[in-house]
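**Q** generate a structure from the sequence data that follows.
(one chain, ligands or ions: 1)
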Amino acid sequence: MELPVKRTPGCPFDPPPELADLPPMGRLVFSDGHHGWLATSHDAVRTVLADPRFSTRPDLKHFPVPSGQDRRPAPPGLFSSMDPPEHSRYRRLLTGQFTVRRMRQLEPRIERIAADRLDAMAAQGPPVDLVQAYALPIPSLVICELLGVPYADHDFFQEQTADLVQLGIDSRRAVAELTRYLGELVRRKRADPGDDLISGLTGELTDEELANVAVLLLVAGHETTANMLGLGVFALLQHPGQRALLDADVDTAVEELLRWLSIAHLGAPTRAALEDVEIAGELVRAGETVSMSLPAANRDADLFDDPAALRLDRPGARKHLAFGHGVHQCLGQQLARIEMRIGYRALFDRFPTLRLAVPADEVPTKDDAVVYGVRSLPVAW
Ligand code: HEM
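**A** Numbering: from 1, shown residues only. Okay, here's the model as predicted:
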């Protein structure tokens, strides 16, 4: 079987219906012809992600969909593509930077960023594309804060990060520009440190490592959060009865949106078996790649009651695997949660009458992108 990509007709939120009928571990033909596996149950996905006999090294793995993924070993600093113990060293250093204190400091900055974007939307007047006006700029500007990008460079940074996720634009140019910029930023921080993440790591990492860490944080934290904001608002607009629950318990609401939307949808994450391993009664042989279906795991009926329903007050929503699991579990998850909490609430507080400006079936979705979301979301109020 190949990875099913066709969503439920007419529903932009439900994953492909075939996923529900697949075994916990099923055979899957990858984009390069490799015969690997697709893990679909919550238990199988967690088990693989927690097992050190599975590697995330790109030179060992195959990819379920054509994704332009580089199959060379990770360059220094790109720890998401490394196994322990190499990965552990970077992860420890980075965890030391994603502190409660730094997240607390960022919170008022994120509130300010959201308020500024809302002012700009109000000044522009409806209809507005929420993706361009709100969902994309927020994570881009938050990463500027995290990395200590000077205010004067924010416009440049935002333009390049927008190009990074824009369809039809060759993103290689934006990646090259941002890599060059972040390399320069690292050198500036070394000479003149501030209270930011890059400055906090100059004593531990080389310029090359730090520039790659910065690019990784940008790539991992930008489009994911933007898609959760854009798609999440679309889901909230389509479920007006649930909206009140956002105010009652925003933390649970955010967890349920993460579970229900599972934006890392096309067979990511992936892992290659380093030796023969039995998972859910199937023998995965050394060298075979397992692709994890987070949408299927997050709608596993063994764990979630009535899993296809969006219930913003769902008890146990937090058991979802939208941020992965194990040693590679999302480093930026606390930051992403803060951005979503502030992002959803500030928007509906400012525009309580927010509505779609086009029929729901005309909202373009990113079905074939590795990270699912909406390409644009025209709204009015
Ligand atoms: C809602 C938004 C987000 C989602 C759904 C998400 C999802 C994920 C997932 C599923 C993984 C695991 C990948 C794997 O196991 O192979 C991951 C890893 C990672 N994420 Fe996120 N992410 C989000 C936001 C962020 C943000 C805001 C940042 C940083 C600013 C970030 C940085 C990272 C990094 C660095 C890793 C690699 C961790 C490691 O390998 O140790 N993510 N993310």
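**Q** going by C-alpha atoms from here, please, whenever you check contacts or count neighbours.
**A** Noted.
**Q** so which strand or helix has the residue of the stretch 101-250 of the chain found nearest the ligand?
**A** Distances between the stretch 101-250 of the chain and the ligand by Cα to the nearest ligand atom are smallest at Gly221, namely 3.3 Å. Element membership of Gly221, judged by DSSP states H and E, is helix 207-238.
**Q** mind giving me the packing neighbours of that helix?
**A** Identification of packing neighbours for helix 207-238 by 3 or more Cα pairs under 8 Å, 6 or more residues apart in numbering; DSSP states H and E yields helix 137-147, helix 171-191, helix 197-201, helix 250-261, helix 333-350, strand 355-356.
**Q** quick one: that helix to chain centroid distance?
**A** Between the centre of helix 207-238 and the centre of its chain there are 5 Å (Cα atoms, centre = their mean, to the nearest Å).
**Q** helix or strand next in line after it, which one?
**A** Later in the chain than helix 207-238, the nearest helix or strand by DSSP H and E is helix 243-248.
**Q** okay, now the unreliable bits of the chain?
**A** 68-69, 165-170 (pLDDT under 70).
**Q** which residues touch the residue sitting furthest away from the middle of it?
**A** For the chain, the residue at maximal distance from the C-alpha centroid (Cα atoms, centre = their mean) is Ala191, at 32.4 Å. If you count contacts by Cα atoms under 8 Å, 6 or more residues apart in numbering, Ala191 has none.
**Q** again with Gly200
**A** Neighbours of Gly200 in contact, by Cα under 8 Å, 6+ apart: Gln97.
**Q** before we move on, what about Leu303?
**A** With Cα under 8 Å, 6+ apart, Leu303 has these contacts: His42.
**Q** how about the contacts made by the residue lying closest to Ser171 once chain neighbours are set aside?
**A** Spatial nearest neighbour of Ser171, chain neighbours left out: Leu164 (4.9 Å); criterion: Cα to Cα, 6 or more residues apart in numbering. By Cα under 8 Å, 6+ apart, the contact list for Leu164 reads Ser171, Arg172, Ala174, Val175.
**Q** hmm, which of those are the buried ones?
**A** For the contacts of Leu164, a burial check counting by 16 or more other Cα atoms under 10 Å picks out Ser171, Ala174, Val175.
**Q** closest to Ala296 among those?
**A** Ser171 (29.8 Å; Cα to Cα).
**Q** the closest one and Asp163 touch, don't they?
**A** Yes. Contact criterion Cα atoms under 8 Å: Ser171 and Asp163 qualify, at 6.2 Å.
**Q** how many neighbouring residues does Ala280 have?
**A** Burial of Ala280 is recorded as 18 neighbouring residues (other Cα atoms under 10 Å).
**Q** how far away is it from Glu2?
**A** 20 Å (Cα to Cα, to the nearest Å).
**Q** how about the contacts made by the spatially closest residue to His222 that is not a sequence neighbour?
**A** Spatial nearest neighbour of His222, chain neighbours left out: Pro139 (5.3 Å); criterion: Cα to Cα, 6+ apart. By Cα under 8 Å, 6+ apart, the contact set of Pro139 is Gly221, His222, Glu223, Thr225, Ala226, Glu339.
**Q** mark which of those residues are buried, thanks.
**A** Neighbour counting by 16+ other Cα under 10 Å classes Gly221, His222, Glu223, Thr225, Ala226, Glu339 among the contacts of Pro139 as buried.
**Q** from those, which two are the most distant?
**A** Using Cα to Cα, these span at most 12.7 Å, a distance reached by Glu223 and Glu339.
**Q** buried ones in stretch 308-319, by neighbour count?
**A** Residues of stretch 308-319 classed as buried under the neighbour-count rule (16+ other Cα under 10 Å) are Leu310, Arg311, Leu312, Asp313, Arg314, Ala317, Arg318.
**Q** near the ligand, which residues of the stretch 101-250 of the chain? Just list them.
**A** Leu217, Ala220, Gly221, Thr224, Thr225, Met228 (Cα under 6 Å from any ligand atom).
**Q** one step back: ok, so of the buried residues of stretch 308-319, who is nearest Pro84?
**A** Nearest to Pro84 among the buried residues of stretch 308-319: Arg318, at 26.3 Å, using Cα to Cα.
**Q** skipping adjacent residues, who's closest to that closest one in space?
**A** Closest to Arg318 by Cα to Cα, 6+ apart is Glu255, at 5.4 Å.
**Q** which residues touch the one you found?
**A** Here Glu255 is in contact with Ala317, Arg318, His320 (criterion: Cα under 8 Å, 6+ apart).
**Q** quick one: stretch 253-270 to chain centroid distance?
**A** Worked out by Cα atoms, centre = their mean, stretch 253-270 lies 8 Å from the chain centre.
**Q** end to end, how far does stretch 2-17 reach?
**A** One end of stretch 2-17 sits 14 Å from the other (Cα to Cα).
**Q** list of residues touching it?
**A** Contact with stretch 2-17 is made by 18-19, 28-30, 64-65, 235, 260-261, 265-267, 295-296, 308, 361, 365, 367-368, as judged by Cα under 8 Å, 6+ apart.
**Q** just the buried members of the residues you listed?
**A** 19, 28-30, 64-65, 235, 260-261, 265-267, 295-296, 365, 367.
**Q** among the residues you listed, name the ones in helices.
**A** Cross-referencing the buried ones among the contacts of stretch 2-17 against helices under DSSP state H gives Ala235, Trp260, Leu261, Pro295, Ala296.
**Q** picking that back up, as JSON lines, the contacts of Leu164 with distance to Gly96 would be great.
**A** JSON lines is the format used below for the contacts of Leu164 (distance: Cα to Cα, whole Å):
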{"residue": "Ser171", "distance to Gly96": "31"}
{"residue": "Arg172", "distance to Gly96": "31"}
{"residue": "Ala174", "distance to Gly96": "29"}
{"residue": "Val175", "distance to Gly96": "27"}
